[in-house]
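> model this:
(one chain, ligands or ions: 1)
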Amino acid sequence: MRRYSVRHAPAAAGALLLFLLVVVAAANTDGGPLDAWRLAQDTWVGALLQGPGPRNAPGDVRGGRGPQAAPGPLRGVHVVVDPGHGGRDRGACHFPSALIEKEINLDMAFRLEAALLAAGATVSLTRRDDTFLTLDERAQLANERGAHLFISLHVNRYPSPECFGAQTFYWPDSEESRRLALLIQEELLPLYPPNYRQALPGDYRVLRATHMPAALVEIGFVTSPVDRELIARDDYRDQVAAAIAAACIRFMRGGSPRRGGRRGRGALAGK
Ligand SMILES: [Zn+2]
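Numbering: from 1, shown residues only. Predicted structure coming up:
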């Protein structure tokens, strides 16, 4: 497929916007504006030409690897992005709002892929379409490919509509996964300041079975009217993707979360 045709201009513009969001987030964290500018000089051409990954790479439906990465702070870093659920497993849904978790997760995965590619990472998705995968297959793909990071994307639900806020989970026995999750949570909180949630340990199978630093991000509660409004918005989804990518950059630079987080009771769920 040719990459320079006019009909790819919106994709390129989208990638650039995502990249700028990552740069802004990075500038607010470890690097500072100068670093961010250097980063921009290094990567903007690549981000422009690259565009987001193919929505359906022919013959590469499962575990599809996206296009070649641009130069950038995540060059040489392989991230496996895991859109939760798929196929017969719809996940958490709110039908009146047409919010279906498996669809939201896949859309988020493409946005995160674009943000990571713009930062120079190599990215694989566990699924690139509406396919059912077991939890072990997802983890296995990341292990087999020797990924450096694993990010699983989900939407939360809870009986009470009062519960809101994006939240990140990690496998409690992995210090590095905890650092990654805390960094992601730190980047997510400013997106919706009333969000007070902290990263927590979680007994999720994909986190337990992966052999690299891994985090599971619940981008919001489908049972919360506040979160439903956020989750439905393109700009919120892009900001979440940029925040996760910024956290990956901080993680790979060896950054520490500003606060230690809380070692509270973990979540128990079949993910
Ligand atoms: Zn889920």
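
> Residue 181: neighbour count?
Number of residues near residue 181 (other Cβ atoms under 10 Å) recorded here: 32. For glycine as for every other residue, the C-beta is placed from the backbone atoms N, C-alpha and C.

> That one contacts residue 170, correct?
Yes: using Cβ atoms under 8 Å, residue 181 is in contact with residue 170, at 3.7 Å.

> So what pairs up with the closest residue to the ion within the stretch 51-200 of the chain in the strands?
Residue nearest to the ion within the stretch 51-200 of the chain (Cβ to the ion): residue 154, separated by 3.4 Å. On the basis of DSSP bridges, residue 154 takes part in beta bridges with residue 218.

> Which residue ranges of the stretch 1-150 of the chain form strands?
Counting by DSSP state E, counting those that start in this stretch, one finds strands in the stretch 1-150 of the chain at the ranges 78-83, 93-94, 99-100, 122-125, 149-156.

> The third one near the ion anywhere?
In this case it means strand 99-100. No: counting by Cβ under 5 Å from the ion, the ion is not contacted by strand 99-100; separation bottoms out at 11.1 Å.

> try the second one
No: with Cβ under 5 Å from the ion as the measure, strand 93-94 is seen stopping short of the ion, the closest distance being 10.3 Å.

> How far does that strand sit from its chain's centre?
21 Å (Cα atoms, centre = their mean, to the nearest Å).

> same deal with the first one?
Centroid separation for strand 78-83 versus its chain: 8 Å, with Cα atoms, centre = their mean.

> cool, and the fourth one?
Average the C-alpha atoms of strand 122-125, do the same for its chain, and the two points are 11 Å apart (Cα atoms, centre = their mean).

> Likewise for stretch 157-173?
Worked out by Cα atoms, centre = their mean, stretch 157-173 lies 16 Å from the chain centre.

> Please identify the buried residues of it?
By neighbour count on 16 or more other Cβ atoms under 10 Å, the buried set for stretch 157-173 is 157, 163, 164, 165, 166, 167, 168, 169, 170, 171, 172.

> now, among those, which is nearest to residue 217?
residue 168 (5.1 Å; Cβ to Cβ).

> what sits against the residue of the stretch 51-200 of the chain closest to the ion?
Applying Cβ atoms under 8 Å, 6 or more residues apart in numbering to residue 154 gives the contacts 84, 85, 91, 92, 101, 105, 216, 217, 218, 219, 271.

> Leaving out sequence neighbours, find the closest residue to residue 167.
residue 197 (4.2 Å; Cβ to Cβ, 6 or more residues apart in numbering).

> Neighbours of the nearest residue to residue 120 once chain neighbours are set aside, how many?
Ranked by Cβ to Cβ, 6+ apart and with sequence neighbours excluded, the top spatial neighbour of residue 120 is residue 72, at 2.6 Å. Residue 72 has 23 neighbours, counted by other Cβ under 10 Å.

> Next, give phi and psi for residue 72.
phi 160, psi -180 (degrees, to the nearest 10).

> can you put the strands of the stretch 1-150 of the chain in JSON lines and add distance to residue 112 and mean pLDDT?
Converted to JSON lines, these look like this (distance: least, Cβ to Cβ, whole Å; pLDDT from 0 to 100):
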{"stretch": "strand 78-83", "distance to residue 112": "5", "mean pLDDT": "98"}
{"stretch": "strand 93-94", "distance to residue 112": "21", "mean pLDDT": "95"}
{"stretch": "strand 99-100", "distance to residue 112": "18", "mean pLDDT": "97"}
{"stretch": "strand 122-125", "distance to residue 112": "8", "mean pLDDT": "98"}
{"stretch": "strand 149-156", "distance to residue 112": "7", "mean pLDDT": "98"}
